[in-house]
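> fold the following, please.
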Amino acid sequence: MTIRQELTEYARQCIDGSIISCTKHKWACMRFLSDMERLADDKEYPYTWSEPEAQRIVDWFFLLRHSKGVLAGKPITLTTAQKFSLCQIYGWRRKSDGLRRFNKSFKEVARKNAKSQEEAGVILYEMSYGSVKNKEINECYCAGTKREQSKIVFNECANLLKGSPLAVKFKCGKQLIEHIKTGSFLKALSKEDGQKGDGTNPAVLVLDEYHQHATTEFYDLAIGSNTKEPLLMIITTAGMDLNLPCYRQEYKYCSDILNPDKPDIVNDEYFVDIFEAEPGVQLTDETYDRLAEMSNPIRASYPEGRKKLRDDYMVAKQVPEKMTAFLTKALNTWVQAKQGGYMDMAKWNRCRVDKLPVDIAGREVYVGFDMSAKIDLTSVAFVIPFKDGETVKYILFSHSFIPNREKLRERITVDKMPYDAWERNGWLTVTDSEIVDQNAVMRYVKAFCGSNKLKIASLCFDPANASKLMLELSEEGYDVVEVYQSHKSLNEATAGFREQVYCGNVIYLNNPLLNFAMGNAVLRVNNGLIKIDKDASIRRIDPVDAALCAFKMSMYHEFIDMTDVDEWLKSDRW
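Numbers count the residues shown, from 1 in each chain. From the prediction side, this is the model:
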């Protein structure tokens, strides 16, 4: 049986349920079969399948040696699930020049499923065969959040060579592994290397446990790599912070690439595969076995692995504090577990829509402000209540302001977030002033409401930094409401807004700055009352404060049925 036939049969069995698989892995299988159909039917399809190249990576791993467990010292025989990713990365080639189709790879799977082994084997392959084939010196790098994390893959490369006939081809040192013939090398990167971001031209960049990375500093090192066949390889497990780049950017984007219901999201040079416990299926004794198999294609395939997984599950059931770690590490399930975190980000993300469900023209809007102390981020929020049957729902818009580009660069440096991109995409405005120009903020509010034909019901402020503006707006005839930043004042809005999010009654269009702030928000509790803790949040939460300010008044919105009013006026009851 050829590898192509093996993978085709495997993909069909995953899709029809013969092999227990989660939805996203089934999508990956559907993508593979679709690509094979296009190869057979479409002469213009730009890619082809090379059976020799697919077989070569399998043969390469067989020359390496297991470094741990009962198989230590024995040749590595790839499972079909491993071949599904590795043989696609190397089997698919561009028709135009015969080079690899995929220059990026994202694989998400539970722990102890040979992630480091796969990464290390690929690095050694590219240092040797890839370098010789392309007549290049391949710079290879592995990066974790700490030097110790980066060294895991580095050390695994050295371990795979122990007892291998390939060992004589490499020189292994404490800081560098070098391919003797070509001079290609592997180096484990430090945090400082990521911050500098220069002096490297990676042919291979492996990001290990990307879910822990607070920024995209290491990811960005791959941008502009000047080699014939660059490869950015990400293999990770799910994490406990849904506001970090792995979940917020890569996991979502890669899920969309696989999703057949999103045909507009296409990246034919990005390989993606995700093994996770099926989202939305509750973990119980009855569902455990299936969920464990979905997320552990290797570990759940042999008795010792299954036993260890079940033992960990039994402990997590009896010690609830261990359940979050079990879900993320053993079942590859994303969980928001920030200490004191305000929002369950998975539920918040489900409120995002691509298109508003109702026409907002002519509706009343409550505008909330979080005015900074002149030189920092200022945010406004627009909350539009509407009825869906008998259920009240809330549409939320958010926009933020920063005084000047010096402050913009400062926020990029401190928060490690793309404020410049947020400005380009319209979620942030630079007012080009020494301090936040409150008049510019108000001009934006009036323009937004005017262009969307919204009627301003109330303007809601914390009076601390906006007393003069509030007076001026009141004199203009607006209903200006003071919202004090106390537990007593904000408790109902803080709890109520979250409740409405969890019920799916808050609706918003994509806004990464708002999402970033929502993920940063933590609670402060005082005598049973809650509010967002500004002191505990080292990152920006201003858009959340503005949203709660507006929501506080929108909760009391009264809906008037004009049809009933007209009928009453025409009647003889008055």
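> just give me the longest helix of the protein.
Longest helix in the chain, counting residues (DSSP state H): helix 23-41.
> pLDDT on stretch 78-97, on average?
For stretch 78-97, the mean pLDDT works out to 97.
> next, the buried residues of it.
Residues of stretch 78-97 classed as buried: 78, 80-93 (neighbour count, 16 or more other C-beta atoms under 10 Å). (C-beta placed from N, C-alpha, C; glycine too.)
> now do the same end-to-end measure for that stretch.
28 Å (C-alpha to C-alpha, to the nearest Å).
> quick one: contacts of that stretch?
The contact list for stretch 78-97 (C-beta atoms under 8 Å, 6 or more residues apart in numbering) reads 3-4, 6-7, 10-11, 28-29, 32, 35, 45-51, 53-54, 56-58, 61-62, 99-102, 105, 107, 114, 118, 122, 231, 271, 273, 297-298, 301.
> so which of these sit within strands?
With DSSP state E as the criterion, strands contain 47-49, 105, 107, 231, 271, 273 from among the contacts of stretch 78-97.
> now the buried members of these.
Buried members of those, scored by 16+ other C-beta under 10 Å, are 47, 49, 105, 107, 231, 271, 273.
> which of the contacts of stretch 78-97 are buried? Put it as a PyMOL command.
Here is the PyMOL command that selects the buried residues among those (16+ other C-beta under 10 Å):
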select buried, resi 3+4+7+10+11+28+29+32+35+47+49+50+53+54+57+58+61+100+101+102+105+107+114+118+122+231+271+273+297+298
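> nearest to Cys549 among the buried residues of stretch 78-97?
For these, the closest approach to Cys549 (C-beta to C-beta) belongs to Ser85, at 47.7 Å.
> ok so, going back, in JSON lines: the buried ones among the ones in strands among the contacts of stretch 78-97, plus pLDDT and distance to Ile402.
Shown next, in JSON lines, are these (pLDDT from 0 to 100; distance: C-beta to C-beta, whole Å):
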{"residue": "Tyr47", "pLDDT": "98", "distance to Ile402": "44"}
{"residue": "Trp49", "pLDDT": "98", "distance to Ile402": "50"}
{"residue": "Ser105", "pLDDT": "97", "distance to Ile402": "36"}
{"residue": "Lys107", "pLDDT": "97", "distance to Ile402": "37"}
{"residue": "Leu231", "pLDDT": "96", "distance to Ile402": "37"}
{"residue": "Phe271", "pLDDT": "98", "distance to Ile402": "38"}
{"residue": "Asp273", "pLDDT": "98", "distance to Ile402": "39"}
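> and the nearest residue to Arg147 once chain neighbours are set aside, how many residues sit next to it?
Counting by C-beta to C-beta, 6 or more residues apart in numbering, Arg147 lies nearest to Ser190, which is 5.1 Å off, once chain neighbours are set aside. Close neighbours of Ser190, defined as other C-beta atoms under 10 Å, add up to 15.
> next one, pLDDT for Ser190 please.
Looking at Ser190, its pLDDT reads 78.
> wait, it sits on Thr145?
No: checked against C-beta atoms under 8 Å, the pair Ser190 and Thr145 is beyond contact range at 10.5 Å.
> between which two of the buried residues of stretch 78-97 is the distance greatest?
Taking C-beta to C-beta, no two of the buried residues of stretch 78-97 sit farther apart than Ala81 and Arg93, at 22.2 Å.
> what's the spacing between Asp289 and Pro297?
According to C-beta to C-beta, to the nearest Å, Asp289 stands 14 Å off from Pro297.
> now Ile3
In terms of C-beta to C-beta, Ile3 sits 17 Å off from Pro297.
> with Glu53 instead?
23 Å.
> dump the residue contacts of Arg279.
For the record, residue 279 is Pro, not Arg. So Pro279 contacts 23, 333 (C-beta under 8 Å, 6+ apart).
> likewise for Cys172?
By C-beta under 8 Å, 6+ apart, the contact list for Cys172 reads 157-158, 161.
> distance of it relative to Glu156?
As for Cys172, its distance to Glu156 is 12 Å (criterion: C-beta to C-beta).
> same question, Leu63
15 Å.
> point out where the stretch 251-400 of the chain drops to low pLDDT.
Filtered on pLDDT under 70, the stretch 251-400 of the chain yields the residue ranges 337-339, 373-375.
> ok, the stretch 451-574 of the chain next?
Applying pLDDT under 70 to the stretch 451-574 of the chain flags residues 535-539, 561-574.
> just the helices in it please.
Using DSSP state H, counting those that start in this stretch, the helices of the stretch 451-574 of the chain run over 467-475, 487-502, 512-520, 542-554, 562-570.
> highest mean neighbour count out of the ones you listed?
The highest mean neighbour count among the helices of the stretch 451-574 of the chain, using mean count of other C-beta atoms under 10 Å, belongs to helix 542-554: a mean of 27.
> next one: that helix to chain centre, how far?
From the chain centre to the centre of helix 542-554 is a distance of 25 Å (C-alpha atoms, centre = their mean, to the nearest Å).
> and stretch 396-412, how far out from the chain middle?
Put simply, stretch 396-412 sits 22 Å off its chain's centre (C-alpha atoms, centre = their mean).
> oh, that last question was meant for stretch 385-402, not what I typed.
That offset, for stretch 385-402, works out to 24 Å (C-alpha atoms, centre = their mean).
> now it - C-alpha only, PDB.
Extracted in PDB, the C-alpha atoms of stretch 385-402 (Å, rounded to 0.1, in the frame of the first residue of the first chain):
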ATOM      1  CA  PRO A 385     -30.900  47.400  23.100                       C
ATOM      2  CA  PHE A 386     -33.500  45.600  20.900                       C
ATOM      3  CA  LYS A 387     -36.100  42.900  21.300                       C
ATOM      4  CA  ASP A 388     -35.800  39.500  19.700                       C
ATOM      5  CA  GLY A 389     -39.300  38.200  20.400                       C
ATOM      6  CA  GLU A 390     -39.700  38.700  24.200                       C
ATOM      7  CA  THR A 391     -35.900  38.600  24.800                       C
ATOM      8  CA  VAL A 392     -34.000  41.800  25.200                       C
ATOM      9  CA  LYS A 393     -30.600  41.800  23.500                       C
ATOM     10  CA  TYR A 394     -27.800  44.300  23.200                       C
ATOM     11  CA  ILE A 395     -25.600  45.300  20.300                       C
ATOM     12  CA  LEU A 396     -22.200  46.600  21.300                       C
ATOM     13  CA  PHE A 397     -19.800  48.800  19.400                       C
ATOM     14  CA  SER A 398     -16.500  50.000  20.800                       C
ATOM     15  CA  HIS A 399     -13.800  52.400  19.700                       C
ATOM     16  CA  SER A 400     -10.700  53.700  21.400                       C
ATOM     17  CA  PHE A 401      -8.400  56.800  21.200                       C
ATOM     18  CA  ILE A 402      -4.800  57.500  22.000                       C
END
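> my read: Glu48 touches Leu39, true?
No, residue 48 isn't Glu; it's Thr. Yes: in this structure Thr48 lies within contact range of Leu39 using C-beta under 8 Å: 6.6 Å.
> perfect, I'm done here.
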